[in-house]
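Chemist: Sequence first, predicted model second:
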Amino acid sequence: MSAHSARKWRFPISTPGPSTPPLSKQERILEAAIQVFAEKGFYNARVSDVAKRAEVADGTIYLYFKSKDDLLIQLFENRMNEIITRFRQRLDEVPTASQKLRRFIQLQLELVAEHPTLAEVLTVELRQSGKFMREYKPKKFGEYLDIIEEIVEEGKRAGEFDPAADGRVLKRALFGALDEVSLYWLQGCAAGREPYALPLAADQIWRACAHGFLLGPVAEQVTMEDL
């Protein structure tokens, strides 16, 4: 993570501080799983590796999780719930749909910049779980995407967005852009180079949205910012 990104953004999520109460045993396991899955890869990681990092007995893992796949799934749901809560709080701070859309883009890439290890697990390692990819229906991921669709519908009602904009399509298109930008950034950082600054990437994606389906003064304002 670049120093520029660290100065610009702060996205607290499950980050213990000096005054934070001790983590529960289950939360220690989840935190350990994030570190182990990111370091070793989900496929190569063993439950015993997670137990060792969490400083619990191997059997303790199975008191909370049925399997390594179940641990990954519950980790995903738990962290996505925190992300959704945080996003909604921050989106409520701005009044218009266009501002909310811009903030959503910034928040997603801010999360990657501030928590690259978690982002590595959510962006890369989830794809290594056959159970997750084939059988699991990620409820929280659906809620996350629905935030984008809600913003699009709000923008259409307010006359900020093109009436033809389809939130069902745009929420997946926008996530696809954010996911690919995040993945490439994480891979670059893992190789010892930051391919681009994430605040700049957020701005570029926002401008693409503005020129694509925002209307009137909103789109014109973004165009003027380009000059």
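Modeler: Yep, it's here.
Chemist: What count of nearby residues applies to residue 62?
Modeler: Residues lying near residue 62 (other Cβ atoms under 10 Å) number 14. Every C-beta, even on glycine, is put in place using the N, C-alpha and C of the backbone.
Chemist: Summarise which helices and strands the particular helix or strand that has it in it is packed against.
Modeler: For residue 62, the host element (DSSP states H and E) is helix 58-64. Helices and strands touching helix 58-64, by 3 or more Cβ pairs under 8 Å, 6 or more residues apart in numbering; DSSP states H and E, are helix 25-40, helix 47-54.
Chemist: For these, give me CSV that also has mean neighbour count.
Modeler: Formatted as CSV, the helices and strands packed on helix 58-64 follow (neighbours: other Cβ atoms under 10 Å):
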stretch, mean neighbour count
helix 25-40, 20
helix 47-54, 19
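Chemist: hmm, back to that, only C-alpha atoms, please: export the next helix or strand after the helix holding residue 62 in PDB.
Modeler: As assigned by DSSP H and E, the chain's next helix or strand after helix 58-64 is helix 68-91. Only the C-alpha atoms of helix 68-91 are listed here, as PDB (Å, rounded to 0.1, in the frame of the first residue of the first chain):
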ATOM      1  CA  LYS A  68     -12.100 -25.300   6.000                       C
ATOM      2  CA  ASP A  69     -14.600 -24.400   3.300                       C
ATOM      3  CA  ASP A  70     -17.200 -23.500   6.000                       C
ATOM      4  CA  LEU A  71     -14.600 -21.300   7.700                       C
ATOM      5  CA  LEU A  72     -14.000 -19.400   4.500                       C
ATOM      6  CA  ILE A  73     -17.700 -19.000   3.800                       C
ATOM      7  CA  GLN A  74     -18.400 -17.700   7.400                       C
ATOM      8  CA  LEU A  75     -15.400 -15.400   7.100                       C
ATOM      9  CA  PHE A  76     -16.800 -14.000   3.900                       C
ATOM     10  CA  GLU A  77     -20.300 -13.500   5.400                       C
ATOM     11  CA  ASN A  78     -19.000 -12.000   8.600                       C
ATOM     12  CA  ARG A  79     -16.700  -9.500   6.900                       C
ATOM     13  CA  MET A  80     -19.200  -8.600   4.200                       C
ATOM     14  CA  ASN A  81     -21.700  -7.800   6.900                       C
ATOM     15  CA  GLU A  82     -19.200  -5.400   8.400                       C
ATOM     16  CA  ILE A  83     -18.500  -3.900   5.000                       C
ATOM     17  CA  ILE A  84     -22.200  -3.400   4.200                       C
ATOM     18  CA  THR A  85     -22.800  -1.700   7.600                       C
ATOM     19  CA  ARG A  86     -19.800   0.600   7.100                       C
ATOM     20  CA  PHE A  87     -20.800   1.500   3.500                       C
ATOM     21  CA  ARG A  88     -24.400   2.300   4.400                       C
ATOM     22  CA  GLN A  89     -23.200   4.600   7.300                       C
ATOM     23  CA  ARG A  90     -20.800   6.500   5.000                       C
ATOM     24  CA  LEU A  91     -23.400   6.700   2.100                       C
END
